[in-house]
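# sequence? don't have it. structure:
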């Protein structure tokens, strides 16, 4: 077991430390759409029955069309987190020998001591945690150029969290090809990719046999409580995930919502996120913060007094993200409305430099 | 990877083979309450936000009071299946040495080849599948008397599925004590235990350090699509499950429903299940079937022509469970209402012996 990682969403703990009722806090500590879509009807049978093959298929077809994954039917999973935790097992299931685009497993109990994994960092901390906790050596590399033949698997979050760095599709395709040549796997986490569809590798996945894409459902639609994500990869990799997750891994309501929302017109959501993102950046800039990066779902600011600003905001019952490894960074999630922009702006203006 | 196990709930496949629209079939192939409780309100934030500690705690406190687990706060999990799949990892995490009621892990990469696991059988097939697939030797024992010191872990489903066999609490406590003396773990799956609370070991768990109890939420409340269960065990075992499942393993709506429904008066549910169960048994008996066992949520019938009856019922668009290993058994889930009793009764009366 390894130490848990601090994530966003810890309003309960923040309110215990700084006072106020949790529901009165302004939670800017996550990268979730603060304006959730209206919930479509969920049929009673989605709650009542074990998720039937039909319900799973409807969600998979909708995801294929939405993500544009062509011949690949994305696999619904109960949150990306659930498959991040299975990645070590994917390597562990044997010496991966790539022959004619198929994995051949030669030994089911290979020792993991020689395995090295690369994670382009800093990024979402659960990747390193999952591999370290499974006994793998993790290289936290600062760019994809540092990924080499010694890495059996590499993780790139695109766009990256928390700094918003992006890699063009062709760069990642070239990385995939070189990793594949050395028998390695490339994981591209597109958790924040919904607002930048041109970056996505989904349309290329059917031709990239050693690529695994993770997509998040809840961030973009504002339904993070649902626990739903999708994996896009060739069939035997998805079959492995499916086998390890076991039957009925995803809830009926989640599958039902995916089938309807992934077929809906999402342009209004994109527009709303762009509006909220511009308002947030204007608020931060007015307060003298420097924008360091971000995506449409969050903005990363840099300030030498970030830690003091964090505490100051907590005293105003506003929670943002700070980072142990980058003490001058603060990540701001989107505000839900102009009133929240003003609340944030006033709190920031009140910070004495 | 191992072959998938046939479970109930395969209406899509049955309708494809025998015709009819899936929604017009009478699905008696599962052990789920056919009369779901009315859904309590789910707050918008349970859908929107990542499940916060507060929401998890509310569900855990409600589960503790409902199951009577005393000092142990049951751990919510996304369906019992998710923790069944983690049981091999619990053994794998090291040579388990029990000293003063604590597990000491001496080696994180112990080979599993010497490990034997006992599963009182026949029972829910996913236990054997999970262990075999992880490289363990599984003894399918026919009674708990056959569990011995060579078994590092034993699984007892109480009441058992599909035959409804029960073991009194004191018998399982004695089994726990002998397993603990040999350094082994006892898993008691009480998935169908809600209608027989006197059998439950939950109240004893705080004094039984090598016991792991699994409870199902969806079967009794008729909300199987929700994917929710609870594990009751000592703290370090639950911490292991929690760590391996990762953050936010259970959806916000599931936690919210657990917190309200586990605090509700369930006597009306018990009464309804008893009524439905009596009606089902009367229907089967009238049709000349012999009752072989069962629980309040399903009835196991025995008949030398079980396979023909199964096919006959499929032609009437009624799906029940049959068993490869016991060709004279048929398991009938509860019918939702008297009209369904009549439909089943008429179909059975039309079977020509």
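Arrived safely, thanks for sending. Keep in mind the model is a prediction, meaning the values are calculated, not measured.

# When you work out contacts or count neighbours from here on, use the C-alpha atoms and nothing else.
Fine.

# Look up the pLDDT of the residue of the stretch 251-353 of chain A found nearest chain B for me, please.
Scanning the stretch 251-353 of chain A for the residue nearest chain B gives residue A:252, at 4.6 Å (criterion: C-alpha to the nearest C-alpha). Looking at residue A:252, its pLDDT stands at 96.

# cool, and residue A:237?
97.

# Which strand or helix spans it?
helix A:235-245 (DSSP states H and E).

# Heading C-terminal from that helix, find the next helix or strand.
helix A:252-261.

# Run the chain-centre distance for whatever helix or strand comes next after that next one.
Counting by DSSP H and E, the next helix or strand C-terminal to helix A:252-261 is helix A:267-286. Helix A:267-286 sits 20 Å away from the centroid of its parent chain (C-alpha atoms, centre = their mean, to the nearest Å).

# Please name the bridge partners of the residue lying closest to residue A:164 once chain neighbours are set aside.
Nearest residue to residue A:164, sequence neighbours excluded (C-alpha to C-alpha, 6 or more residues apart in numbering or on different chains): residue A:294, at 4.1 Å. Counting by DSSP bridges, residue A:294 forms beta bridges with residue A:299.

# Isn't residue A:294 up against residue A:300?
Yes: using C-alpha atoms under 8 Å as the test, residue A:294 is close enough to residue A:300 to be in contact (5.2 Å).

# Give me the common contacts of the two.
A:162, A:163, A:164 (C-alpha atoms under 8 Å, 6 or more residues apart in numbering or on different chains).

# Return the entry from the residues you listed with the maximum number of neighbours.
If you count neighbours using other C-alpha atoms under 10 Å in any protein chain shown, the busiest of the shared contacts of residue A:294 and residue A:300 is residue A:162, which has 26 neighbours.

# Make sure that one is indeed in a strand.
No: with DSSP: H, G, I helix; E, B strand; the rest coil as the criterion, residue A:162 is located in coil rather than a strand.

# any residue of stretch A:254-271 up close to chain B?
No: Stretch A:254-271 lies out of reach of chain B by C-alpha under 8 Å from any C-alpha of the partner chain, never closer than 8.9 Å.

# List the buried residues for that stretch?
A:254, A:255, A:256, A:257, A:258, A:259, A:260, A:261, A:262, A:269, A:270 (16 or more other C-alpha atoms under 10 Å in any protein chain shown).

# so residue A:55 sits right up against residue A:253, yeah?
No: taking contacts as C-alpha under 8 Å, residue A:55 lies outside contact range of residue A:253: 9.7 Å.

# quick one, which of the two is more surrounded?
Higher neighbour count among residue A:55 and residue A:253: residue A:253, with 24 against 19, using other C-alpha under 10 Å.

# Might you report the residue contacts of that one?
Contacts of residue A:253 by C-alpha under 8 Å, 6+ apart are A:42, A:46, A:47, B:225, B:226.

# now the helices: where do they sit in chain A?
All helices of chain A, identified by DSSP state H, fall at A:11-18, A:44-48, A:53-67, A:80-84, A:87-92, A:126-133, A:169-181, A:218-221, A:235-245, A:252-261, A:267-286, A:306-315, A:338-349.
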